[in-house]
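>>> Test case, fold it:
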Amino acid sequence: MTSRASLTRRSLVGLATAGLASAALSLPASAAVAPRWPATGAPSPTPSPAAVARLPVPTGPYETGTVSARLVDRSRPDPWVPSQPYRELMISVWYPAAPGSGETHRRARYMAPGAAERWDATAPHGIPRGALDFAGLRTHAREGAPADTRGGRRPVLVYAAGAGDPRTWGTTLVEEMASHGYVVVTVDHTYENPGVRFPDGSVKGDGPLREALAEAQRNGTVSALLKKMLDIRVADSTFVLDRLGSLPHGLSAVIDRRRVGMFGQSAGGIAAAQTMYEDRRVRAGIDLDGTLEFNPEPNGTHLMPVARHGLDRPFLLMGREGSDRTSEPSWREFWSHSTGWKRNLTLRGSRHQTYTDLSVLLPRAGVDRKTIEEHIGTVDPRRAVAAQRAYVRSFFDRWLKGEDDGLLEAPSGRYPEVEFAG
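Reported below is the predicted structural model:
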């Protein structure tokens, strides 16, 4: 029998990687040269306690703003805590801000106090505990800045992080999209990650999921638990889509609900695909290295509905090295059943977490080269971020703005790290 004490966050992420997981980032844009890694096997340099890292500057023409809000779905009890008669979520909304907002509004925190401490305590994805000051890390978005209302309504994107990860774990990419004219809603799936902080100061952790995992391991029902996680994420995403007409800070007046996209890393990418399959309001979607099957047991492949039936609307698959539609069974099935526009790209030298903020943060945490390569691969982190930003933006510009830069038509000399599998 597996004890509750043995259910570390590592086991959760291992479970997540089997069917629902998380990944990737880059170096600060201010870095003039590539970092000099210590030799493999050399002692890791000792980082300054709680060092403050920096995120790369967004490249778009707009200043950015952000606000957070609590959403309450009273149509269903919480699926992880049935005694709670409603489901509550925390979201953040990122958007183009009015010019000059930086002079009057402070830069928003990367993570809220309380949530940041719990995240740090897990030593997330190879970042040593106490190495980075997650609460002190600032984004480039201005907290509560007025929205830029010039140019009419804007397309809206929903972003979901990997299983066990906070909604902030894709900020590098989310800020980039906001700086290019998108409104982006990021979602925390309550009780999935170590800490979600609510406006009353309470922080809800992942205890209910850990207990469910322990029971599933005892009973041999891990596939059923993964399916439950996906069902919850899709229901949460659908609820967020329902609430686009009542976003905080007057942002519903800024968005065009006829132009909705969804993207995410690992479990977030899985949720994007499955939500798009179930909800036609999502016009285009991206899966950043999330498999489309429930496969923790060694007795075969358990395809998700979206993989069995495919999609009839534009969808982009971006995978780590060694994982594409020719090698990943669920992606191959999805590809064969999809009738909509589709592409499959691979980022050479990447790992699962290359598609998250880890590419920015891990090199700043005082770890050696071996640790870097285990978690984010051999690709230059700055190049990884630049490529992700370019291809994600090209995709959504094409299908939500009607602007095609041709980047998705063939391999580009500007991004030799990106390989086309279809």
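>>> can you count the residues close to Pro416?
Using other C-beta atoms under 10 Å, Pro416 has 11 other residues around it. Using the backbone N, CA and C atoms, a C-beta is placed for each residue, glycine as well.
>>> Within the helices and strands, which one has it?
Per DSSP states H and E, Pro416 falls between elements, in no helix or strand.
>>> mind checking the backbone torsions on it?
phi -70, psi -10 (degrees, to the nearest 10).
>>> Report pLDDT for it.
At Pro416, the pLDDT value in this model is 96.
>>> so how far is the helix or strand where Arg257 lies off the chain centroid?
Secondary structure assigned from DSSP H and E places Arg257 in strand 255-265. With C-alpha atoms, centre = their mean, to the nearest Å as the basis, strand 255-265 stands 14 Å off its chain's centre.
>>> same deal with stretch 172-184?
On the basis of C-alpha atoms, centre = their mean, stretch 172-184 sits 13 Å off its chain's mean C-alpha point.
>>> now do stretch 250-260
Stretch 250-260 sits 21 Å away from the centroid of its parent chain (C-alpha atoms, centre = their mean).
>>> residues in contact with it?
With C-beta atoms under 8 Å, 6 or more residues apart in numbering as the test, stretch 250-260 has contacts from 67, 93, 95, 147, 149, 152-158, 183, 241, 244-247, 281-283, 400-401.
>>> Which ones among those residues map onto helices?
The helices, defined by DSSP state H, take in Leu241 from those.
>>> Give me the buried subset of the contacts of stretch 250-260.
The neighbour count (16 or more other C-beta atoms under 10 Å) marks 67, 93, 95, 147, 154-158, 183, 241, 244, 247, 282-283, 400 as buried among the contacts of stretch 250-260.
>>> Where do the helices of this protein begin and end?
So, for the chain - with DSSP H - the helices run 9-19, 115-121, 171-179, 207-219, 222-242, 267-278, 305-309, 329-337, 358-361, 369-376, 381-396.
>>> Turn the ones you listed into a markdown table, including distance to Phe198 and mean pLDDT.
Formatted as a markdown table, those follow (distance: least, C-beta to C-beta, whole Å; pLDDT from 0 to 100):
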| stretch | distance to Phe198 | mean pLDDT |
| --- | --- | --- |
| helix 9-19 | 21 | 40 |
| helix 115-121 | 10 | 96 |
| helix 171-179 | 20 | 98 |
| helix 207-219 | 16 | 95 |
| helix 222-242 | 15 | 95 |
| helix 267-278 | 21 | 97 |
| helix 305-309 | 31 | 96 |
| helix 329-337 | 35 | 96 |
| helix 358-361 | 25 | 96 |
| helix 369-376 | 30 | 95 |
| helix 381-396 | 30 | 97 |
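>>> Could you list which residues are in contact with the closest residue to Phe396 other than its chain neighbours?
In space, and not counting its chain neighbours, Phe396 is closest to Gly261: 5.2 Å by C-beta to C-beta, 6 or more residues apart in numbering. Gly261 makes contact with 155-158, 282-286, 396, 399-400 under the criterion C-beta under 8 Å, 6+ apart.
>>> please redo it, this time with the cut-off set to 7 Å
Contacts for Gly261 (C-beta atoms under 7 Å, 6 or more residues apart in numbering) come out as 155, 157, 282-285, 396, 400.
>>> Now distance to Glu117 too, for the residues you listed, in CSV please.
Shown next, in CSV, are the contacts of Gly261 (distance: C-beta to C-beta, whole Å):
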residue, distance to Glu117
Pro155, 35
Leu157, 29
Val282, 34
Arg283, 39
Ala284, 37
Gly285, 33
Phe396, 34
Leu400, 37
